[in-house]
Structure formats: structure tokens, C-alpha cells
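next input, structure requested:
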Amino acid sequence: MPREDVLTESLSLYDRMFYDALRIRLVEERIVDLYPSDRIQSPVHLSIGEEAVAVGVCQPLREEDLLFASYRSHSYYLAKGGDLKEMFAELYGKATGVCGGKAGSMHLAAPEAGLMGSSAVVASTISHAVGAALAAGRLGKDQLTVAVFGDGATEQGVFHESLNFAALHRLPVVFVCENNQLAVHADLASRQAYRISDMPKVYGIQSVRMERGYDLTEVREAMAESVNSIRETGGPRFLEVVTYRYKEHVGPGEDHDAGYRSQGDLDRWQAHDPLITDGERVARFTPEITAEIDAAAAFAEDSPWPGSDALLSDVV
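Below is the predicted model:
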């Protein structure tokens, strides 16, 4: 989602999306740098390599549209408009964090920006998104809901139940599968006897599969088509985007020597990655983004720890 306080009106749509994608990458690269210091108080699932999906998905959305994400949610938090200072404070476990220091990396939420929640439990937020869409319809709200999940989530029963319910009630939901082709270390061929993009068709849901998840414009156009179609005719849509995570499943490290994927796979993806190949834009936007990240990290450093009086607050 373009942030008008940072981005000038003179930037083209592509430049704004590139800026947002680069901002996500530089934020996560700073997390990688900070992680060994133990300042970050929770495990992290990084989206480095997958930024174009989050930016392309969020750009066509309105501020009032809702998004539910998985534990790999830094990119969606930022693309949907979450506050960077509060995100860093949350990762540090500080009281000024977006969730008071209690959520950490895997459970980010920023309802004021439309990011309603994320969860470490695989596939759990898909049904939440469907429920929110049902509620919005009954309340007469002109609002879309987006459910974002990984390819592994399609193996869970709640995925199929949610598709069926959304199709049956023609709910305004965009189901977005970030297919990085891995569930931890297990590839698709060892886990799935089906094609992900075929499953929605069983429930009568229009489905699109995108192979070039590194392409900001293509992802945005596919998402915009789904969004516009829902606004015009109602009912759910399904978007599968093939992507590639550069880092290990959880943590800041490299793992291409672990035997379950190859350096060649990484090299092939990075050869198309605009955040690597477009050095001119990277050089142009990096100083401003870096200054913002520096300020956010300093805010987290200087923020207070939660007091004992917060121990039982927000607990139900």
C-alpha cells in the first residue's frame, strides 16, 4: 500500500511498488544483522525473495479491506501500511510494540491498517478471513477480505472447509497462496498428489496461477483483476503465486547446503529479482529507506520493557 508520507507524488506506480518491496527487503536484512545480538525476542520467518507477492497483493486494496496472514507476515504488515517503529519495538518485545511486545514476529497485527492478524498455526487464519467476510456482508460493509497462506496450508482440512463455505455463500474473499514450493524442508512432490490451482475449481472458485512471483507488475495485475471481479460480481477468487524464499524456513541463516534444495535454484530466481538486477532504483531509494530503518531500530532500543502490570492484560 503506497505510503504518502514517504513516497512523493512524482513516483510512478512501479516506482512506488519497487520502493515498498525494497523497503521490506532492507528491513528484513536489518533483522538478519540484529538477530545474533538477541535484541529480537522471537523466532523470525523472513520473506526475503518473496517481497513482490506482498506488495503486488496489497497495492490494489483499499485501506478498509482486511488481510489475514501467516507467520511469515513482516512483508504484509509493511505492505498493508503497518507502522515500522512499532514493528521493530514488537520484535524487541518492548511495550511500544504494535502488540505491546507480546506477539513477536509470528503474530503481528495492525487492525488500523487492515492487517487483522497472523498466526504460527498453519492455515488457522484462513477461516478467520472467511468469517470476517461473512460478518462484513451481514453488516453491509463494502469490504474485501484477503487470506494469505503458504502451500503447506492447502493440506489442512480448514483450507478446504473455508473454500467450500466461501463459495457456498459467495463471500468477497481473495485466497492468496504464496507457493514457495516448500513446507520447511519438504517439497511439493513429496507432499501433494494434487495441483494447488486445481483445488479451488472443485468448489467453483475462479483460480489463477502465476509462475513469475518476482514480477511486481504481474502480481499486482493478477490481484487487481481478482479484486475488481469480486467488487463487480461478488464471490471468492483464488490466486496462487509461485515464489522463492532465500533464507532458511525459520531464522536468518542460509541453508542451500542442507541438501533439500540447490544453489542453482537460488541463482535462477535471483537472476530475475528486480531488487537485485535494478541497481539504479536500489541506489536511488536505499538512503531514504535506511534512514527510516535506523530511526525505527533506535525507537525500539529506547523503548521501555513491559511492566509486570501488563502480564495479564489482553489475556482471555
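
from here on, contacts and neighbour counts on C-alpha atoms
Fine.

could you pull up phi and psi at Gly259?
Main-chain torsions, Gly259, degrees, to the nearest 10: phi 100, psi -10.

and it, how many residues sit next to it?
Residues near Gly259, counting by other CA atoms under 10 Å, number 9.

ok, it to Gly152 distance?
For Gly259, the distance to Gly152 equals 20 Å [CA to CA, to the nearest Å].

and for the nearest residue to Val32 once chain neighbours are set aside, the neighbour number?
Spatially, and ignoring its direct neighbours in sequence, Val32 is nearest to Pro252 (5.1 Å; CA to CA, 6 or more residues apart in numbering). Neighbours of Pro252 under the rule other CA under 10 Å: 22.

residue contacts, Pro252?
Shown in contact with Pro252 (CA atoms under 8 Å, 6 or more residues apart in numbering): 31-32, 35, 44, 46.

switch those over to a markdown table; also include pLDDT and neighbour count.
Shown next, in a markdown table, are the contacts of Pro252 (pLDDT from 0 to 100; neighbours: other CA atoms under 10 Å):
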| residue | pLDDT | neighbour count |
| --- | --- | --- |
| Ile31 | 98 | 20 |
| Val32 | 98 | 18 |
| Tyr35 | 97 | 17 |
| Val44 | 97 | 23 |
| Leu46 | 98 | 29 |
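
so which of those is the closest to Ala297?
Among the contacts of Pro252, Ile31 lies closest to Ala297 (CA to CA), at 9.6 Å.

quick check, the closest one in a helix?
Yes. Secondary structure assignment places Ile31 in a helix (DSSP: H, G, I helix; E, B strand; the rest coil).

let me see the contact set for it.
Applying CA under 8 Å, 6+ apart to Ile31 gives the contacts 40, 252.

next one: it relative to Gly104, how far apart?
13 Å.

check Ala167 too.
When Ala167 is compared with Gly104 (using CA to CA), they lie 34 Å apart.

which of the three states applies to Leu315?
Small correction: residue 315 is Val, not Leu. coil.

check contacts around it.
Counting by CA under 8 Å, 6+ apart, Val315 has no contacts.

can you check the pLDDT for it?
Listed pLDDT for Val315 reads 73.

which of the three states applies to Val241?
Going by three-state DSSP: Val241 is strand.

longest helix anywhere in this structure?
helix 279-302 (DSSP state H).

packing partners for it?
Counting contacts by 3 or more CA pairs under 8 Å, 6 or more residues apart in numbering; DSSP states H and E, helix 279-302 is packed against helix 13-34, helix 84-92.

what about Ala167 and Gly104, which has more around it?
Remark: of Ala167 and Gly104, Gly104 carries more neighbours, 25 against 19, as counted by other CA under 10 Å.

distance of the residue nearest to Val32 relative to Arg245?
Distance, Pro252 to Arg245, by CA to CA: 11 Å.

where along the stretch 101-250 of the chain do the strands fall?
Applying DSSP state E, counting those that start in this stretch to the stretch 101-250 of the chain gives strands spanning 115-119, 145-150, 173-179, 182-183, 186-187, 206-210, 237-242.

quick one: which of the ones you listed is nearest Glu288?
Each of the strands of the stretch 101-250 of the chain was scored for nearness to Glu288 using CA to CA, and the closest is strand 115-119 (24.7 Å).

returning to that earlier point: now the longest helix of the chain against helix 84-92, angle please.
Going by axes from the mean of the first three to the mean of the last three CA atoms, to 10 degrees, helix 279-302 is angled at 60 degrees with respect to helix 84-92.

now helix 279-302: buried residues?
281-282, 285, 289, 292-293, 296-297, 299-300 (16 or more other CA atoms under 10 Å).

can you put these in JSON lines and add distance to Glu50 and pLDDT?
Converted to JSON lines, these look like this (distance: CA to CA, whole Å; pLDDT from 0 to 100):
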{"residue": "Arg281", "distance to Glu50": "18", "pLDDT": "98"}
{"residue": "Val282", "distance to Glu50": "17", "pLDDT": "98"}
{"residue": "Phe285", "distance to Glu50": "19", "pLDDT": "98"}
{"residue": "Ile289", "distance to Glu50": "18", "pLDDT": "98"}
{"residue": "Glu292", "distance to Glu50": "21", "pLDDT": "98"}
{"residue": "Ile293", "distance to Glu50": "20", "pLDDT": "98"}
{"residue": "Ala296", "distance to Glu50": "22", "pLDDT": "98"}
{"residue": "Ala297", "distance to Glu50": "23", "pLDDT": "98"}
{"residue": "Phe299", "distance to Glu50": "27", "pLDDT": "98"}
{"residue": "Ala300", "distance to Glu50": "25", "pLDDT": "98"}
